[in-house]
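1. Requesting a structural model of the entry that follows:
(chains A and B)
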Amino acid sequence: MSGKKEGMVYVTTLQERIVHWLLAGSCLFALLTGLGLMFHSWDFIAALLGGHYAMKWMHIFSGVVFAFSLAGASVMWWEHCKFVPEDAEWVKKAGGYLWDAHDLPPGGMYNAGQKMFFWTVFIFGIIIVISGLIMFNPLIFPVTLARWAYMLHAASVMVIAAFFIIHLYLGTFGNPGTVQIMFHGWATREYCEFHKGKWLAEREKKGGEESQAA
Amino acid sequence: MTEYIKLIDLTKCTGCRGCQVACKNWNGLPAEKTQFIGSLQNPADLSYDTWCLIRFDEIENGSGLKWVMRHDACMHCDWPACVKACPSPGALVKTETGAVVHDPNFCIGCKACTVACPFDIPRYSAVNENISKCTLCYDRITDGRKPACVTSCPTGCLTFGPKAEMQVRARARAAEISGVVYPNNPKYQTNVLYIMPAEIRAAQLQHMNPNPKMPTTVLWWKNLFKPFTLIGMGAVAGAAMLHYMVRGPHEPEKKEGGE
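-> The predicted structure is shown next:
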């Protein structure tokens, strides 16, 4: 944490931001190389990366980075992403995203939508990692299991890829002031009151802005 | 270019293994160190260097014990699961002759084809990091010759010719011996056909898929999840843009002057 900034709240730790970008970067690179392997018509991706053989290994190594950063992210955000009773209300009102909702319960560190994104990435990420491990050497597994691995790998990518676009939109254009939290860690006080009222109150009760965001 | 069919008449195989040797010879495949497995089958399985194998089965039915020698190699599917699963353009190709050929120069060694194949044909070599299998002697048949195995066959068990002609011949021969043509799934046809005598069923023989078809997992993977990955991303991106235009950014309502 680099000192205190006037009117700003320190939301994420350096560790959180690093793990976030490792997870995001490896996921995106694996998606890019995976699409390059799945769509023959997109062989410009392979051409750019040095051919399909090279791209296969890049896909595998980005998968390894993804697996480790997914483990790190799960440990860091597990507690934050447990559902609480207020989340039901948030979901009923769609978080105020689709129609006006003035009486949303004050938000925790993450809202119900973010939690859903976390659990989606967690569950389908695990399926992707396990099926990917099977696909690395399918010959040592029963053929039915190996075939399911290829199918589930693609199915899970379909889910995560769609959620990723939502995440990208809501983390940037959809919610001004959010993206910087994952770069330098700071958000305006107004932002935190609006999005994370409960979290801000609890944190200030515990010892003010100087305390590290967990 | 004509499409061809290789016909295997199980009533005529004597297990001489001429095809097995001719295949090795023409394709320059090295011999393998083999082991006695208590069977007349040798080597025990297809491999990276053995694209064609005489399989030996002892089956029992009403008329007592029966020996079955079966020429086993790539079936050259009309709609090959291996080609559908292959991520590298040019590594596995369904050719105009009907033959499904592999090109080690383009194979990236991902092994997807070995899993997708309904006949368990492609074999992976960790040393070469690619797969190999029978090519129906693509280099011979495009030169007007028959595959090496067919050329070597002394009994007429293996025959080769234009597709339409061979299909007629297969049906005629099956009728003659009251047997069946394998495979007989109209949705999953192959450029290799077996004449099966009535007393032998595919399910009784090792390494013979009684119901060959495109694996459902491959279909769902390639025909559903693959396109819907892009459709899903596109639809969500469109929805996000629409949301931004209709609802705008999600911000606190009270705006202070000048901000």
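
2. tell me the contacts of the residue nearest the centre of chain A?
-> For chain A, the residue sitting closest to the mean C-alpha position, by Cα atoms, centre = their mean, is A:Phe118 at 5.8 Å. Residues near A:Phe118 by Cβ atoms under 8 Å, 6 or more residues apart in numbering or on different chains: A:Ala73, A:Trp77, A:Cys81, A:Tyr110. The C-beta positions use only the backbone N, C-alpha and C, and glycine is treated the same way.

3. what's the answer for B:Lys111, then?
-> Contacts here follow Cβ under 8 Å, 6+ apart; on that basis B:Lys111 touches A:Met135, A:Asn137, A:Pro138, A:Leu139, B:Tyr124, B:Ile131.

4. State the helix or strand in which the nearest residue in space to B:Gly15 that is not next to it in sequence lies.
-> Using Cβ to Cβ, 6 or more residues apart in numbering or on different chains and skipping residues adjacent in sequence, the residue nearest B:Gly15 is B:Met69, 3.5 Å away. Secondary structure here is read from DSSP states H and E; on that basis B:Met69 sits in strand B:64-72.

5. again with A:Val91
-> Judged by DSSP H and E, A:Val91 forms part of helix A:85-92.

6. Could you give the separation of whichever helix or strand comes after that helix from the chain centroid?
-> Next along the chain after helix A:85-92, taking DSSP H and E as the criterion, comes helix A:112-136. Averaging C-alpha positions (Cα atoms, centre = their mean, to the nearest Å) puts helix A:112-136 10 Å from its chain's average.

7. same deal with stretch A:27-36?
-> So, by Cα atoms, centre = their mean, the centroid of stretch A:27-36 is 15 Å from its chain's centroid.

8. hmm, the helix or strand of chain A with the lowest mean pLDDT touching chain B?
-> Sorting the helices and strands of chain A by mean pLDDT, DSSP states H and E puts helix A:197-207 at the bottom, at a mean of 89. No. Contact of helix A:197-207 with chain B (Cβ under 8 Å from any Cβ of the partner chain) is absent, the minimum separation being 10.9 Å.

9. what's near enough to touch B:Ala81?
-> B:Cys113, B:Ala116, B:Cys117, B:Pro118, B:Met214, B:Pro215, B:Val218.

10. picking up where we left off before, and the residue nearest to the centre of chain A, how far from A:Ile160?
-> Taking Cβ to Cβ, to the nearest Å as the measure, A:Phe118 and A:Ile160 are separated by 12 Å.

11. pLDDT weak spots in chain A?
-> For chain A, the stretches with pLDDT under 70 are A:1-3, A:208-214.

12. mind listing what residue 107 touches?
-> Going with chain A. With contact taken as Cβ under 8 Å, 6+ apart, A:Gly107 is in contact with A:Trp90, A:His195, A:Lys196, A:Gly197, A:Lys198, A:Trp199.

13. switch to chain B, that's the one I care about
-> Applying Cβ under 8 Å, 6+ apart, the residues near B:Cys107 are B:Ser88, B:Ala91, B:Leu92, B:Glu129, B:Asn130, B:Ile131.

14. Make sure it is indeed in a helix.
-> No. Assessed with DSSP: H, G, I helix; E, B strand; the rest coil, B:Cys107 is coil; it does not lie in a helix.

15. Select from the contacts of B:Cys107 every entry located in strands.
-> Judged by DSSP state E, those include B:Leu92, B:Asn130, B:Ile131 as members of strands.

16. And for the second one, nearest residue in space, chain neighbours not counted?
-> In space, and not counting its chain neighbours, B:Asn130 is closest to B:Cys107: 3.7 Å by Cβ to Cβ, 6+ apart.

17. Show me which residues of chain B are close to chain A?
-> Residues of chain B lying close to chain A (Cβ under 8 Å from any Cβ) are B:85, B:87-89, B:106, B:108-112, B:114-116, B:120, B:124, B:215, B:217-218, B:220-221, B:225-226, B:228-230, B:232-233, B:235-237, B:240, B:243-244, B:247, B:249-252.

18. Filter these down to the buried ones and hand me the PyMOL line.
-> Those of the residues of chain B next to chain A that count as buried under 16 or more other Cβ atoms under 10 Å in any protein chain shown are selected in PyMOL with:
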select buried, chain B and resi 85+87+88+106+108+109+110+111+112+114+115+116+124+215+217+218+220+221+225+226+228+229+232+233+236+240+243+250
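
19. Give me the buried stretch members for the host helix or strand of B:Asn25, please.
-> Remark: B:Asn25 resides in helix B:18-27, with elements defined by DSSP H and E. Using 16+ other Cβ under 10 Å as the burial criterion, the residues of helix B:18-27 that qualify are B:Gly18, B:Cys19, B:Gln20, B:Ala22, B:Cys23, B:Lys24, B:Trp26, B:Asn27.

20. Just put those residues in JSON lines and tack on pLDDT.
-> Putting those into JSON lines (pLDDT from 0 to 100) gives the following:
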{"residue": "B:Gly18", "pLDDT": "97"}
{"residue": "B:Cys19", "pLDDT": "97"}
{"residue": "B:Gln20", "pLDDT": "97"}
{"residue": "B:Ala22", "pLDDT": "98"}
{"residue": "B:Cys23", "pLDDT": "98"}
{"residue": "B:Lys24", "pLDDT": "98"}
{"residue": "B:Trp26", "pLDDT": "98"}
{"residue": "B:Asn27", "pLDDT": "97"}
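
21. Most widely separated two among those residues?
-> B:Gly18 and B:Asn27 (14.7 Å; Cβ to Cβ).

22. Run a quick neighbour tally on the closest residue to B:Ile141 other than its chain neighbours.
-> For B:Ile141, the nearest residue in space outside its immediate sequence neighbours is B:Thr97; the separation is 5.5 Å by Cβ to Cβ, 6+ apart. The local packing of B:Thr97 (other Cβ atoms under 10 Å in any protein chain shown) involves 20 other residues.

23. tell me the contacts of B:Thr97?
-> With contact set as Cβ under 8 Å, 6+ apart, B:Thr97 has these partners: B:Met1, B:Thr2, B:Glu3, B:Tyr4, B:Leu136, B:Tyr138, B:Ile141, B:Thr142.

24. per-residue confidence at the last one?
-> Same thing as B:Thr142. B:Thr142 is assigned a predicted lDDT (pLDDT) of 96.

25. ok, for it, nearest residue in space, not its chain neighbours?
-> The shortest distance from B:Thr142 to any residue other than its chain neighbours is 6.4 Å, reached at B:Thr97 (Cβ to Cβ, 6+ apart).

26. where does the one you found land in three-state SS?
-> Under three-state DSSP, the three-state class of B:Thr97 is coil.

27. Now do the phi/psi pair for it.
-> B:Thr97 adopts backbone torsions of phi -80, psi -10, taken as degrees, to the nearest 10.

28. returning to what we had before: in helices, which of the contacts of B:Ala81 appear?
-> Among the contacts of B:Ala81, DSSP state H puts B:Cys113, B:Ala116, B:Val218 in helices.

29. Pull out the CA atoms of stretch B:71-86 and give them to me as PDB.
-> Included here for stretch B:71-86 are C-alpha records, laid out as PDB according to Å, rounded to 0.1, in the frame of the first residue of the first chain:
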ATOM      1  CA  HIS B  71      -7.500 -58.000 -41.500                       C
ATOM      2  CA  ASP B  72      -7.700 -55.000 -39.200                       C
ATOM      3  CA  ALA B  73      -6.700 -51.500 -40.400                       C
ATOM      4  CA  CYS B  74      -8.100 -48.000 -40.900                       C
ATOM      5  CA  MET B  75     -11.700 -48.100 -42.100                       C
ATOM      6  CA  HIS B  76     -11.400 -44.800 -44.000                       C
ATOM      7  CA  CYS B  77     -14.800 -43.300 -42.800                       C
ATOM      8  CA  ASP B  78     -16.900 -41.200 -45.100                       C
ATOM      9  CA  TRP B  79     -17.300 -38.700 -42.200                       C
ATOM     10  CA  PRO B  80     -14.200 -39.400 -40.200                       C
ATOM     11  CA  ALA B  81     -14.300 -38.600 -36.500                       C
ATOM     12  CA  CYS B  82     -10.500 -38.300 -36.400                       C
ATOM     13  CA  VAL B  83     -10.600 -35.500 -39.000                       C
ATOM     14  CA  LYS B  84     -13.400 -33.800 -37.200                       C
ATOM     15  CA  ALA B  85     -11.400 -33.900 -33.900                       C
ATOM     16  CA  CYS B  86      -8.000 -32.800 -35.500                       C
END
